[in-house]
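Student: Sharing a sequence plus its predicted fold:
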Amino acid sequence: MTETYLRGTDVSRTFGDVTALAGVSIEVPAGSVVALIGPNGSGKTTLLRILSGLLAPSDGEVSYDGPDAARPLGYLPQEPTFRPGFTTRETIGFYARLVDDDPDELLDRVGLDRVPDRRVEALSGGMTRLLGIAQALAGDPPVLALDEPASGLDPGMSQRVFDILDRLAEDGHSVVVTSHDLPLVERSADRIVVLDRGEAVAADTPAALRERTGGPLHETFTSLVQADDSVGIHTGETR
Ligand SMILES: Nc1ncnc2c1ncn2[C@@H]1O[C@H](COP(=O)(O)OP(=O)(O)OP(=O)(O)O)[C@@H](O)[C@H]1O
């Protein structure tokens, strides 16, 4: 039986009168990529931060049942930022030293080995995200929680990042990722959780989700999320 490294049960979160998540349950098994998709403001980042232990749920529980590790979980924030004044290599070296990892190998994995001496404030947006991914990978944590890892990356790098996720899953890691790139999600995810207005409206394999409409994934996606021309601003009383 497949082990589940990370689990959220009936997770809810409010911010004042905004309900960001309402009773979402999710499992992230070992050896798989679970993708969170949903419109802007549907609660993906909130769920990822709660699963990562960075944000407390208002209700519900999160449990980690993975192997003992110096660093159980690596997290990529939606907007990674690094302390200015240091080079790419110095920066990743700082994180790598904490968990006894090899900074050069980490840079090489994300394709930043050609800019080790560039200061982090001079990196492009995409390069900064790649450095964030390298930071998340440091120490080889059993669980990876990545918020839009391919956002702002060119098609080749986006592909490379999802290839890294595929390989991590093949090696037995649990990967949970948010993305708006449905073709990449469709190719890599073992399971997709569709969030809409803070609720999980579907959780299934890409093939099973496609079958619901018989078309590409974005057709099922469109059929599942509520047609609305405003982003997911929901106060709880409008559903
Ligand atoms: N710190 C906060 N304070 C108040 N409201 C918040 C806070 N964080 C999130 N929200 C609200 O919770 C809802 C869900 O936000 P979240 O960032 O989780 O959505 P998302 O699905 O990740 O969106 P996107 O695709 O745009 O990144 C939104 O209505 C958002 O405005």
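Tutor: That came through, no problem. Residues are numbered from 1 along each chain as shown.
Student: Could you tell me which residues within the longest helix along the chain count as buried?
Tutor: Longest helix of the chain, by residue count under DSSP state H: helix 155-170. Judged by neighbour count (16 or more other Cβ atoms under 10 Å), helix 155-170 contains these buried residues: 157-158, 160-162, 164-166, 168-169. In this view, the C-beta of every residue, glycine as well, is placed from N, C-alpha and C.
Student: Including pLDDT and distance to the ligand, could those residues go into JSON lines?
Tutor: JSON lines is the format used below for the buried residues of helix 155-170 (pLDDT from 0 to 100; distance: Cβ to the nearest ligand atom, whole Å):
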{"residue": "M157", "pLDDT": "89", "distance to the ligand": "20"}
{"residue": "S158", "pLDDT": "92", "distance to the ligand": "16"}
{"residue": "R160", "pLDDT": "90", "distance to the ligand": "22"}
{"residue": "V161", "pLDDT": "92", "distance to the ligand": "17"}
{"residue": "F162", "pLDDT": "94", "distance to the ligand": "18"}
{"residue": "I164", "pLDDT": "93", "distance to the ligand": "21"}
{"residue": "L165", "pLDDT": "94", "distance to the ligand": "18"}
{"residue": "D166", "pLDDT": "95", "distance to the ligand": "23"}
{"residue": "L168", "pLDDT": "93", "distance to the ligand": "22"}
{"residue": "A169", "pLDDT": "96", "distance to the ligand": "22"}
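Student: which one of the residues you listed sits closest to E79?
Tutor: V161 (16.3 Å; Cβ to Cβ).
Student: Quick one: residues contacting the closest one.
Tutor: Residues in contact with V161 (Cβ atoms under 8 Å, 6 or more residues apart in numbering) are 110, 130, 133, 149-150, 153.
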